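quick one, fold the following:
(2 chains)
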Number of protein chains: 2
Amino acid sequence: MEIKIIVDAMGGDFAPKEIVLGAIKALKKDRNLKIILVGDEKLINPLLEQESSDLNVEVVHTDQFITMEESPKAAIKEKSKASINLAMQLLAENQGDALVSAGSTGATILSAAKFLPVIPGIERSALATVLPTARLHPGNHGISLLIDVGATLHCTAKQLVHFAYMGSYYVSHVLEIPRPRVALLNNGTEETKGGEVLVKTYRYLKEAPNLNFIGNIEGTDILKGTADVIVTEGFVGNIVLKTLEGASEILKHAGRYAYRKRLTWKVGLALLSSGVRQLKKRTDYSEYGGAPILGFKKLVIKAHGRSNAKAIANAIGVARQSVEQNIAEHIGDSIIEFNKQHRLDFIDI
Amino acid sequence: MEIKIIVDAMGGDFAPKEIVLGAIKALKKDRNLKIILVGDEKLINPLLEQESSDLNVEVVHTDQFITMEESPKAAIKEKSKASINLAMQLLAENQGDALVSAGSTGATILSAAKFLPVIPGIERSALATVLPTARLHPGNHGISLLIDVGATLHCTAKQLVHFAYMGSYYVSHVLEIPRPRVALLNNGTEETKGGEVLVKTYRYLKEAPNLNFIGNIEGTDILKGTADVIVTEGFVGNIVLKTLEGASEILKHAGRYAYRKRLTWKVGLALLSSGVRQLKKRTDYSEYGGAPILGFKKLVIKAHGRSNAKAIANAIGVARQSVEQNIAEHIGDSIIEFNKQHRLDFIDI
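Next comes the predicted model:
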């Protein structure tokens, strides 16, 4: 079966070059793949023409695109022919099976919300991200999925349960961790912690079918690999992710700034650098193919803005796997079952 | 003027010994200080008797105390004569000017809420913590105050503004950073970010008198020293603080676990160890005298559970300074002014 992946060729710091090269890389590895590149044909075609082999690729032209500097909200509205909007419409019209973009996260999420149908029973989408974790716990795979990191700022208990299902299926079917341990991020491990919404969420998760819920975890557990899927509302997930990004930046600056004076520290940092590189490799989006936007009938993969060709090829590979595994359908089935069990179809919690 | 500090002698991992030794340390430095130690006189008196000098200290006896393992809620209710409860009652009865405890954070906050009168106009208390920061910004002092980290999980805009005032006064008068830059922790820097409560909070803070509000900051900014006071609700602050604690634990384990195989990494970490120690020193509660619980007419300082005598002596010093600076009254005046300006005395936002 041919799988068709739509790629926003104009999104990302190194677009369109690295995006197109990434698409070529993915196509060469996989003869059952077709890629639809959306963007400026004047820029894309010359890159494709450098290839001698016959590639299963189609270019859909538009000269509009959205930059990282624009307000996503305004840009999505005003630039109806921006590459991400056009790509999303093609996806909605079933001209492709999944979508990859390295463009603005906000614009990608808003465009998905505008054009894509949601999985029945699901109210809100979630952006998930893969975090590298220490292997301090048995059965840990060195990564955890944090969901949501900013698509839905504030959530009801029902929506958080949906996120738990979406994260669990993504981790088991795409990242291939069997029976992922799902935890709720909270300010304590007791069932009674976190206020009304989280207490309710805990109760639902405890009884949710097809879900390996291991309880509440605290902030201290996030990087320890205590859970494979960490569920939280988008506001908190965003703050956590960016706090960790900030801490990592500070560490990188340490050699240049704080420790400038001491030679032993400099030598120490130099000796550690291959370790830091290894860690960096593990935290690199390019290794995991990007951050999935979940909740829609079709999967959208948000690749990192700094994605190079390899990262884009990996993101396309992940998108391809999610199509093969049919994860949207799996998620949908579980959500319907859970909603029915709690008669949640018609009431809001 | 004699300043009287009440100390919970039974709270903390090394209580009562290190607590009593810390009190002695503080008393020896400062002849205008009186300390009231609350706890088991059978354990406290022998420690005091080892001192030859005449100390300005009083022991209030109780044989009840609350351990770290107990549920704070149940313990505060059932153990009416627990050292923290007795200490808090003495404070409420004006037998002391401020209180220091290294015991259970939850129990200390609940006991304060039970016995202490709040500053007029303030609805909720906040637990603040000092974070070490990089000096990447001009005018940065190497520390930032994060408020709240767990006393009030979810907040209204009005309550967040009150936290901003409390944090600002604490930082300017106790940590002695003039005109502290106050920021709101958010998922983006734009005024419109974060949902209804934070948008409203931003608007209030922008116009708040006697407050140096610099706008929203993101998680990436927390450790960069972008702001001197970082305002957030207790749930988010708790998750941020514990995420950073977890990251720091992982770094400490790195040498033993992840990098076990490579000699160069081990040597690198060894060379870095004095740098790590220096960082540890800067993150150490003992250097900043603990975490203030703000919002009550009297200041309570929560010293770290692992506090030694030096940390307790520093916490007592900070408590003393807050009394001298009369910060509760300063906070109260600004709150009343702000509430009046927005006619917030009677309406809930």
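
grab the most central residue of chain A for me.
Taking Cα atoms, centre = their mean, the centroid of chain A lies closest to residue A:291, which sits 1.5 Å from it.

distance of that residue relative to residue B:291?
Relative to residue B:291, residue A:291 is positioned 34 Å away (Cβ to Cβ, to the nearest Å). Using the backbone N, CA and C atoms, a C-beta is placed for each residue, glycine as well.

surely residue A:89 is in a strand?
No - under DSSP: H, G, I helix; E, B strand; the rest coil, residue A:89 sits outside any strand and is assigned helix.

hang on, it packs against residue A:116?
No - applying Cβ atoms under 8 Å, one finds residue A:89 not in contact with residue A:116, separated by 9.4 Å.

in contact with the residue nearest to the centre of chain A, which residues?
A:105, A:127, A:128, A:129, A:130, A:149, A:285, A:301, A:302, A:303, A:304 (Cβ atoms under 8 Å, 6 or more residues apart in numbering or on different chains).

and if you look at residue A:231?
Per Cβ under 8 Å, 6+ apart, neighbours of residue A:231: A:147, A:160, A:163, A:164, A:167, A:182, A:183, A:184, A:185, A:201, A:205.

so which of these are in strands?
Mapping the contacts of residue A:231 onto strands (DSSP state E) picks out A:147, A:182, A:183, A:184, A:185.

which ones among these also lie next to chain B?
residue A:185 (Cβ under 8 Å from any Cβ of the partner chain).

residue A:131 against residue A:224, yeah?
No - Residue A:131 lies out of contact with residue A:224 (Cβ under 8 Å); the separation is 10.7 Å.

now the helices for chain A?
A:17-29, A:41-49, A:72-78, A:83-92, A:105-115, A:157-173, A:196-207, A:234-254, A:263-283, A:285-288, A:309-324, A:327-341 (DSSP state H).

on that earlier part again, closest one to chain B out of the contacts of residue A:291, please.
Among those, residue A:149 lies closest to chain B (Cβ to the nearest Cβ), at 9.3 Å.

what count of nearby residues applies to the residue in the stretch 1-150 of chain A positioned nearest to chain B?
Proximity of the stretch 1-150 of chain A to chain B (Cβ to the nearest Cβ) peaks at residue A:134, 5.0 Å away. The tally of other residues near residue A:134 (other Cβ atoms under 10 Å in any protein chain shown) stands at 20.

ok, the residue lying closest to it once chain neighbours are set aside - contacts?
Closest residue to residue A:134 apart from its sequence neighbours, by Cβ to Cβ, 6 or more residues apart in numbering or on different chains: residue B:250 at 5.0 Å. The contact partners of residue B:250, taken as Cβ under 8 Å, 6+ apart, are A:134, A:223, A:224.

from memory residue A:140 sits against residue A:221, does it?
No - the pair residue A:140 and residue A:221 fails to qualify as a contact (Cβ under 8 Å) at a distance of 11.3 Å.

domain map for chain A?
A:1-119+A:295-325, A:123-289 (automatic domain parsing).

okay, those in TSV with distance to residue B:76 next?
Shown next, in TSV, are the domains of chain A (distance: least, Cβ to Cβ, whole Å):
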stretch	distance to residue B:76
domain A:1-119+A:295-325	42
domain A:123-289	15
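
with respect to residue B:42, which of those lies nearest?
domain A:123-289 (33.9 Å; Cβ to Cβ).

please compute how far the closest one lies from its chain's middle.
12 Å (Cα atoms, centre = their mean, to the nearest Å).
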